[in-house]
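Colleague: what's the 3D shape of this:
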Amino acid sequence: MGDGLRTIHIVTTDESIVAQTRAACASLEGWEVGVRRDSESLLSEPPAQGDVVLVDKFLRGGNVYETCAALVGKTRCRIFVVCEYDNQNAEAISRFCGATGVLRSPISASQLRVVLDESGGPRPQMIEERRGGEVDSKALPEALLVEIATGKEDKNLVHALVDPETSLFNYAFLNYKLDEEFKRARRFHQPLSCVMLGFEGQASDDCMRELASIFLCTSRDTDVLGRFDENSFLFLLPNTGPDGARIMANRVRELATERGLRDLVGDPMEISVGISWYPLDSINQKEDLYARAREAFVAARNAGGGVASC
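Modeller: Predicted structure coming up:
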C-alpha cells in the first residue's frame, strides 16, 4: 500500500474482526490495515516482504489450517491465525500447518504489537528454496505436514494426529474437527455432511492402506478424513449436502468392489455407510450430527451393507 507503511493483511469476511484490527492498529506507528476477503488474493497479489498476514479461523469458504499450509512457501510474510480467546488447541495446530502463531480475539493493540515484533525475524523460505526448486506434488499429506513443521514438538504433534496405518487423521483430531466444522457451518449457514463408514471383521495393513487411498481419491482437499476405530472411519464434508455425501459414499463402495478388497478371512469387504447432515431440524449440536450418522451406519451394517441416511 502507500506512504511507506507496512501492511497488516486481515483475511476475513467478519466485519467485527476488521474493526478490531483497525482499532488496534490505530495506535501503532508505521502500520496500516488491508482487508482481504479470501486467501486466493494473497497468492494472486502477494503481500510485500515485511507485511503480516492475519487469517480468520472461521474464514468463509475454506479451512483456515489448510489455507495456512497452502500459503507456506508462497509468501515471505509471517502468518497468524485469529482464533477464540479460550481456544487451547489453535496454537499447536496453527504451527504444525506452517503459521507463525495465533492472535486471540478480541484483538488488542498489545497483542498486535507482540505479533509485529515477531514479524521482524528471517522471512520464511519459498518453496523452490526449501526443496531445491523441485516440488513433489505426490508427497503424502503426513510427509508434507512434517516438512512444514518448525520444531521437534510440532513434529510430535503431527504424528499424534495421524493414524499410523492409514495416514488419515485419528480419533482425537476428528473430535476437534467435528467441533470446528460444525461451528463454522452454523455460523455461516453452510451445509455440512458427516459420513460414518466401515466394514465387519478385520483387514490387513495393506488392505487398510488401499482403502485409505480410495477415500483420498473420492474426496476433496477440504474434506476431513479420519479413522474412527479398528474398522470404521468418519468423514466431515464441508459445504456438502446429503446428495453429495451419497455420491462419495457410493463411489467408495464401487471402488472397494472393483479392487477386490477382502478381510482377513478372505471374504469380500462389504462397506456400510451412514450419513447425517446439517442443517436439519433434529440436529442442533455436533453430538447430534455424529449420533445420527452413527445410527444410520449401524442400520446399514445390520442390513448387510449399503448406504443409509439419518
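Colleague: the helices in the stretch 151-300 of the chain, which residues?
Modeller: 152-161, 171-188, 205-217, 242-258, 286-302 (DSSP state H, counting those that start in this stretch).
Colleague: Now do the last one: which elements does it pack against?
Modeller: Meaning helix 286-302. helix 171-188, strand 192-198, strand 232-238, strand 272-278, strand 306-309 (3 or more Cβ pairs under 8 Å, 6 or more residues apart in numbering; DSSP states H and E). Quick note: C-beta positions are derived from backbone N, CA and C, even for glycine.
Colleague: Over to the longest one?
Modeller: Contacts of helix 171-188 with other secondary structure elements, assessed using 3+ Cβ pairs under 8 Å, 6+ apart, are made with helix 152-161, strand 192-198, strand 224-229, strand 232-238, strand 272-278, helix 286-302.
Colleague: redo that, cut-off 10 Å
Modeller: Packing contacts for helix 171-188, counted by 3 or more Cβ pairs under 10 Å, 6 or more residues apart in numbering; DSSP states H and E, involve helix 64-71, helix 90-96, helix 152-161, strand 192-198, strand 224-229, strand 232-238, strand 272-278, helix 286-302.
Colleague: Okay, buried residues for it please.
Modeller: 173-174, 176-178, 180-182, 184-186 (16 or more other Cβ atoms under 10 Å).
Colleague: Nearest to Ala26, out of those residues: which one, please.
Modeller: Arg184 (29.6 Å; Cβ to Cβ).
Colleague: And the pLDDT at that closest one?
Modeller: pLDDT, Arg184: 88.
Colleague: Then Asp263?
Modeller: pLDDT, Asp263: 92.
Colleague: closest one to Asp205 among the helices and strands packed on helix 286-302?
Modeller: The nearest among the helices and strands packed on helix 286-302, by Cβ to Cβ, is strand 232-238 at 15.3 Å.
Colleague: Can you name every helix or strand that the closest one contacts?
Modeller: Secondary elements touching strand 232-238 (3+ Cβ pairs under 10 Å, 6+ apart): helix 171-188, strand 192-198, helix 205-217, strand 224-229, helix 242-258, strand 272-278, helix 286-302.
Colleague: can you list the weak-confidence ranges in the chain?
Modeller: 1-3, 61-63, 72-73, 96, 118-160 (pLDDT under 70).
Colleague: Break it into its domains for me.
Modeller: Under the assignment automatic domain parsing, the domains of the chain span 6-160, 171-309.
Colleague: Excluding chain neighbours, what is closest to Ala26?
Modeller: Ala109 (7.9 Å; Cβ to Cβ, 6 or more residues apart in numbering).
Colleague: Kindly apply the preceding question to Leu174 instead.
Modeller: Gly226 (4.0 Å).
Colleague: Mind listing the residues bridging to that neighbour?
Modeller: Phe169, Leu234 (DSSP bridges).
Colleague: which of the helices of the stretch 151-300 of the chain is buried the deepest?
Modeller: helix 286-302 (a mean of 19; mean count of other Cβ atoms under 10 Å).
Colleague: between that one and strand 224-229, how big is the angle?
Modeller: Orientation check (axes from the mean of the first three to the mean of the last three Cα atoms, to 10 degrees): helix 286-302 against strand 224-229 gives 60 degrees.
Colleague: picking up where we left off before, pick out whichever of the buried residues of helix 171-188 sits closest to Leu5.
Modeller: Using Cβ to Cβ, the buried residues of helix 171-188 come closest to Leu5 at Arg184, 32.6 Å.
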